[in-house]
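In: please find the sequence and the predicted model below.
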Amino acid sequence: KRVVNVADELKTLQNVLQNPKQRGVLGEYYLAQVLENVLPPERFKLQHKLGKDEAGRDLICDAVIYLDKGKMLPVDSKFSLENYNRLLEEKDKLARDNLAKLFKQDLKNRIDETSKYIRPREGTMDYAFMFIPSEAIYYDLLINKVGTTNTSARDLIEYAFREKNVIIVSPTTFMAYLQ
């Protein structure tokens, strides 16, 4: 009976993770929990408006951390999972290579989105954190592999840091930075 209950709970979690909107909410919740566990409430704010984007829409960051001298550190939660999961399940090498390219493009797009929150004129630091709430995805990036392929992801980490001033963090590394 317990195994059936656990299986049902896993199915519920899997359904949540399949919906991009719900997955985003889950990533933001995870980010909020990490912040609440490490920082006092006055040192951060969730869903912080940083002004307007190029199209005139409100630019709302998932979180900002208040630092010394009135500076803010923007943190955006990103959870690109569809192509990653498809990549893990794919057996055909050609299809896996194509999925690896799509996944890398997903991450590059998330890096570009995160970089929009770097707005020194509005009081932010000149860099931002991109919070990936999945240790597995972060680990694959860190060991220079995407999924189970030997596709290099080092260029993504370098692109994020050198070209976009975005530091990619997992829950564990983010907690270390916060400490």
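Out: Structure received. Residues are numbered from 1 along each chain as shown.
In: for Lys93, give me its contacts.
Out: Contact analysis of Lys93 by Cβ atoms under 8 Å, 6 or more residues apart in numbering lists nothing. C-beta coordinates here come from the backbone N, C-alpha and C atoms, glycine included.
In: please report the distance of it from Ile137.
Out: Distance, Lys93 to Ile137, by Cβ to Cβ, to the nearest Å: 21 Å.
In: repeat for Glu113
Out: According to Cβ to Cβ, Glu113 stands 16 Å off from Ile137.
In: likewise Ala176?
Out: Taken as Cβ to Cβ, the span from Ala176 to Ile137 is 18 Å.
In: same drill for those two, tell me which one is more crowded.
Out: Shown here are Ala176 and Ile137; by other Cβ atoms under 10 Å, Ile137 has more neighbours (22 against 11).
In: just the helices in this protein please.
Out: 2-18, 20-38, 82-89, 93-115, 135-142, 154-158, 171-178 (DSSP state H).
In: of those, which is nearest Tyr66?
Out: Within the helices of the chain, the stretch nearest Tyr66 is helix 20-38; the backing value is 11.2 Å (Cβ to Cβ).
In: average pLDDT for the closest one?
Out: On average, the pLDDT along helix 20-38 is 78.
In: also stretch 74-88?
Out: Stretch 74-88 comes out at a mean pLDDT of 76.
In: the nearest residue to Asp76 once chain neighbours are set aside: how many residues sit nearby?
Out: Distance criterion Cβ to Cβ, 6 or more residues apart in numbering; nearest residue to Asp76, sequence neighbours excluded, is Thr114 at 4.4 Å. Residue crowding around Thr114 was assessed by other Cβ under 10 Å; the count is 27.
In: then Leu107?
Out: The burial count assigned to Leu107 is 25, neighbours taken as other Cβ under 10 Å.
In: quick check: nearest residue in space to it, chain neighbours excluded?
Out: In this structure, Leu107 finds its nearest non-sequential neighbour in Leu156, 5.5 Å apart by Cβ to Cβ, 6+ apart.
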